[in-house]
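My questions are about this predicted structure, shown below with the sequence.
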Amino acid sequence: LAKTTQPISMDSYEGQEVNITCSHNNIATNDYITWYQQFPSQGPRFIIQGYKTKVTNEVASLFIPADRKSSTLSLPRVSLSDTAVYYCLVGLFHNNNDMRFGAGTRLTVKP
Amino acid sequence: GAGVSQSPSNKVTEKGKDVELRCDPISGHTALYWYRQRLGQGLEFLIYFQGNSAPDKSGLPSDRFSAERTGESVSTLTIQRTQQEDSAVYLCASSLAGGQPLHFGNGTRLTVT
């Protein structure tokens, strides 16, 4: 299982773009990269998933370089409500696998 | 549609007592995961069920912890002889046929006094 490394915390201000990078040097060929968001007193919520290059949805973008040893979650124009913990998870999509989370990045958005 | 449901949402118990935590996954989801999250910490994997396969119990911290799942439905996490260090939020997640994305419940907050 690929281990992930993320910054422990980040601060930003409303309206700014936030980029959170996750390192996964030993990612396997078939592994997908998924990001989750967790608010206090709630379970994590799926944000975005990708395999390579760039993926974009209504919430975020995910940038994955060619070597796939890292990935960057990009949140455009954050608001106070984006204050949460963000987890990067690397694992197999179609096979049975346990999903082990890293420590996550605590993002604090300030007014 | 209905999401992952966990009960109870809060549980306070005395040290040494046994507790059972319940998880109702999303209908049709064959994979089910249990995690533990201590205050201010990340998610700690406990156990994984996939269909009728033998569960992956590699994350269970001690033999006081056990879990069962009936087919592809309800799962119960049991903690025997609870200790204060068992205090945490226990999260359940399910997904289609293993893998991602995971759908989480809001957890059971366990407090051992």
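Done, it's in.

What pairs with the least confident helix or strand in chain A by mean pLDDT, parallel or antiparallel?
Each helix and strand of chain A was given a mean pLDDT (mean pLDDT, DSSP states H and E); the minimum falls on strand A:84-92 at a mean of 88. Here strand A:84-92 has these sheet partners by DSSP bridges: strand A:31-38 (antiparallel), strand A:105-110 (antiparallel).

how about residue A:42, what does it touch?
Neighbour list for residue A:42: B:104, B:106-107 [criterion: Cβ atoms under 8 Å, 6 or more residues apart in numbering or on different chains]. Every C-beta, even on glycine, is put in place using the N, C-alpha and C of the backbone.

Oops, could you answer that again for residue A:46 instead?
Contacts of residue A:46 by Cβ under 8 Å, 6+ apart are A:34-36, B:100-103.

Which pair in those has the greatest spatial separation?
A:35 and B:103 (14.8 Å; Cβ to Cβ).

Between the two, which is the more surrounded one?
Counted by other Cβ atoms under 10 Å in any protein chain shown, residue A:35 and residue B:103 do not tie: residue A:35 has more neighbours, with 28 against 19.

Who is the more buried one paired with across the strands?
Bridge pairing for residue A:35 - DSSP bridges - gives residue A:48, residue A:88.

Of the strands paired with strand A:84-92, which shows the lowest average pLDDT?
Ranked by mean pLDDT, those bottom out at strand A:31-38, with a mean of 92.

Now for the nearest residue to residue A:52 once chain neighbours are set aside: which residues touch it?
Using Cβ to Cβ, 6 or more residues apart in numbering or on different chains and skipping residues adjacent in sequence, the residue nearest residue A:52 is residue A:64, 5.2 Å away. Residue A:64 is in contact with A:33, A:50-55, A:70-72, counting by Cβ under 8 Å, 6+ apart.

Show me which positions of stretch B:20-32 end up buried.
Using 16 or more other Cβ atoms under 10 Å in any protein chain shown as the burial criterion, the residues of stretch B:20-32 that qualify are B:21, B:23-26, B:29-32.

got it, and stretch B:51-68?
The neighbour-count check on stretch B:51-68 (16+ other Cβ under 10 Å) flags B:55-56, B:59-60, B:65, B:67 as buried.
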